Structure formats: structure tokens, C-alpha cells
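**Q** Sequence first, then the predicted structure, then my questions.
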Amino acid sequence: MASFQTIDPDKMYKSIYEFPDHMTAAIKIGESISLNKQYPDIKNVVVAGMGGSAIGGDVVRILVKNEIEIPMVVSRNYTLPHWVNNHTLVICSSYSGNTEETLAAFEDARNKGAQIVGISTGGILTERMHDLELEVVAIPSGLQPRAALAISFVPMMYLLKAIGIIGDKTVNQLMNAAALIKENRNQYSEESNGNPTYALAQRIYKTIPVIYGETESTAIVAVRWKGQLSENAKMLAYYNELPEMNHNEIVGWENNQELIHQLSVIWLKDQNDHPRTNIRQETTQKIIGDLSEHQEVVVIEGNATVERYLHMIHFGDWVSYWCAILHETDPTPVKKIDQLKKILSKKS
């Protein structure tokens, strides 16, 4: 097999390796946020975004869930929920600033009278918001959107703090999380069996991974793993969450066994999982048994939830990278997305 440097000419390796550095840089951006407007009487928050920008909203939502006291949702659509109104803070997050769904959601937010802020590197979104004298948090360009996760979610968290929706509790844990990830990234970046991310990639790269996590917890990390396996490794991957999958999907592990055997199951577990979820996971793992190619359990140790979740995301990013390398596939290009955008641009 060719060296990973040859397979990865655009250096996705570097982008993943520098995730904790991106966090540190994003913390500085967050600390420098100074708002000129007031955002009074906010009763709910909607993050409008797609892809890497949307997962940034998901990450914020799950990290601040024990601190935020109003509902926060992520909208991946052209339109926003019907209940959005002048008491809603809509954060339009688009790394490029040109995401068509987010631009449409921005107009919908205006029509619904929402209070709007943006996070972007520029593009049409920034131009429109500046024209309307709306505030935009500027973030640095130059990355693939999926590799800019830290650049998206950290300023969003600080934005919520600046508006008064959250306090210091969660943001104060970000620097420690970055330091922890730095301690592990050298091991994860080695093309060797001693690297647990490379070893896991070797076991799953010829399968279709199905990733299970707990609702409102590791299920968000599972969404990230699925997206990274699809975009970086160019592999189909799927996710679902416990306990919901125990009420339907579990029954599907029966017929088409020759196909099921091509699946691998990855269980994402955290020490804060509900005790009943732990029992469900262990029992479901036994029920599935050897129907799948194999089953993997990923657990990240650590004292703080923020550290564990972000570490697990980084772990999964490396798994997706090594799957790409094992397939001898350049992880950076997303040709089918580019093809789709080209076709859509002619149909607008």
C-alpha cells in the first residue's frame, strides 16, 4: 500500500491532527466576541446549518445541556420550525457563507421576526447580514467545513455566553479538553497497530459500520462518526440511538443475514449513560451476537463530560481517516457533493 502522505496530498491528516490547536484558536476568537446589539427575552435557540456547521450546533447543544435553561435545537432545512418568533435566537452557521439551505433559513428567520446572529468565514450570508446591520462572528477560512468543527462550535458556545444564555461552566472546560486531546493525538496519528484508531479502522474498513449511542449523549458523537466515515473514508455508515432502537431496529437483525454479516456494530459508551441504557446496550450486544461481522465498544475515560465527548469525536475522526488510507482513498475530495452542487446550481 502507498504511504498515507501519498494518498493524502491535501493533508487531511494535518487538519485532524490540529483539532486541539483549532480549539485553542477558536477560544481566542470566542473570548474576543463583543456584541453591539442587545438580544432580550430569548426563550429558545435555533441553530440553522448543514453538514459540519450543523454538527457544531449539535456539539454545543449536548455540551451545554446541563447549563442551558431554554430549549435549543438544530435545524437542517430550508425552513425553520413554525414556532420561531421574536423570542427566538437564530444562529445561522455556515462555514462558507454560501450554503443554500442556511441562506433560505436566514430569510425565513427574518420573516418570522427572529433575533439573528451569524457565524461564517464570509460569503453571501455575511454580505446579507452586514447589509442588514446584523452581527456576524467571523471565523478563519482555509479548511474543509468538516475539519473546521472547532472553529464552528467553540465561538458558538462563547456567543451564547456573551448573550447571557449560558455562563462560564462549560466554556471553562474547553482548554483542558484541548490539552487532553493533544496528549493523545500523537498516538492516534501513527500508522501502527499500537494506535487504537488505526487498529479499529483495520477491523471495520471492509464493513458497513452501524454506530449506536445514547440519546442526547453519545448519539451526537455517533452522528459525527457517521458523517466522517462517509466524507473521509467514502464509506456508507449508519447510526441510531438507545433506547429508541430497542423499540424497532433491533428486530431487523434477523433476515438477509448474508447482508447483515457485512455490517460492523460500534457502541459508543460514556460513564454518564443512564443505568438502564447500559443494561439495554449490553443485552442488545448479546442479542445481535455474531450476526454482524463483529462488534466494537468505544469508551473514553476522563473526569469531565466535555473532555470525554470531544476526545471521542477526535478518536472517530482518526478512525475515518485511517479507513480512507486503508482503502487507498484521498480523504479530502467530496466529488459527489461537488457534482450535486453543480447540478443544483443549474436548476435554481
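**A** Good, I have the coordinates.

**Q** Could you use CA atoms for every contact and neighbour count after this?
**A** Noted.

**Q** Y321 versus P331, what's the distance?
**A** 7 Å (CA to CA, to the nearest Å).

**Q** what is in contact with these two at once?
**A** 12, 232-233 (CA atoms under 8 Å, 6 or more residues apart in numbering).

**Q** which among the residues you listed gets closest to I211?
**A** A233 (15.2 Å; CA to CA).

**Q** Phi first, then psi, for the closest one.
**A** phi -90, psi -10 (degrees, to the nearest 10).

**Q** Quick one, grab the pLDDT at it.
**A** Among the per-residue scores, A233 holds a pLDDT of 98.

**Q** Helix, strand or coil: sort out the residue lying closest to it once chain neighbours are set aside for me.
**A** Spatial nearest neighbour of A233, excluding adjacent residues (CA to CA, 6 or more residues apart in numbering): A324 at 3.9 Å. The local conformation at A324, judged by DSSP: H, G, I helix; E, B strand; the rest coil, is helix.

**Q** low-scoring stretches of the stretch 201-348 of the chain, by residue?
**A** Residue ranges of the stretch 201-348 of the chain with pLDDT under 70: 348.

**Q** quick one, strands of it?
**A** Assigned by DSSP state E, counting those that start in this stretch, the strands in the stretch 201-348 of the chain fall at 208-214, 238-242, 263-269, 294-299.

**Q** Could you export these as a markdown table, including distance to G57 and mean neighbour count?
**A** As requested, the strands of the stretch 201-348 of the chain are exported to a markdown table (distance: least, CA to CA, whole Å; neighbours: other CA atoms under 10 Å):
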| stretch | distance to G57 | mean neighbour count |
| --- | --- | --- |
| strand 208-214 | 18 | 24 |
| strand 238-242 | 18 | 20 |
| strand 263-269 | 20 | 22 |
| strand 294-299 | 23 | 16 |
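
**Q** Could you export these as CSV, including distance to D108?
**A** Formatted as CSV, the strands of the stretch 201-348 of the chain follow (distance: least, CA to CA, whole Å):
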stretch, distance to D108
strand 208-214, 32
strand 238-242, 30
strand 263-269, 36
strand 294-299, 40
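
**Q** Specify which member of the shared contacts of P331 and Y321 is nearest to A148.
**A** Nearest to A148 among these is M12, at 11.3 Å by CA to CA.

**Q** outside of stretch 80-93, which residues touch it?
**A** 39-49, 53-54, 75, 102, 105-106, 108-109, 112-120, 152.

**Q** PyMOL command for the buried members of those?
**A** Here is the PyMOL selection string for the buried members of those, based on 16 or more other CA atoms under 10 Å:
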select buried, resi 39+42+43+44+45+46+47+48+49+53+54+75+102+105+106+108+109+112+114+115+116+117+118+119+120+152
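
**Q** Which of the contacts of stretch 80-93 fall within helices?
**A** Residues of the contacts of stretch 80-93 located in helices (DSSP state H): 53-54, 102, 105-106, 108-109, 152.

**Q** Quick one: mean pLDDT for stretch 100-110?
**A** Here the average pLDDT along stretch 100-110 is 98.

**Q** going forward can the numbers begin at 553, since that is how I track them
**A** In the new count, where the first residue is 553, that last one comes out as stretch 652-662.

**Q** send the alpha carbons of it over as CSV?
**A** C-alpha atoms of stretch 652-662 as CSV (Å, rounded to 0.1, in the frame of the first residue of the first chain):
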residue,chain,number,x,y,z
GLU,A,652,-28.2,27.4,0.2
GLU,A,653,-30.3,25.8,3.0
THR,A,654,-28.8,28.2,5.6
LEU,A,655,-29.4,31.2,3.4
ALA,A,656,-33.0,30.2,2.9
ALA,A,657,-33.3,29.6,6.7
PHE,A,658,-31.9,33.1,7.3
GLU,A,659,-34.6,34.6,5.2
ASP,A,660,-37.2,32.5,7.0
ALA,A,661,-35.8,33.7,10.3
ARG,A,662,-36.2,37.3,9.1
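
**Q** which residues are in contact with it?
**A** 600-602, 628-632, 636-637, 642, 644-646, 667-668, 676-677.

**Q** before we move on, the earlier item: between the strands of the stretch 753-900 of the chain, which one is closest to G779.
**A** Closest among the strands of the stretch 753-900 of the chain, using CA to CA: strand 790-794, at 8.8 Å.
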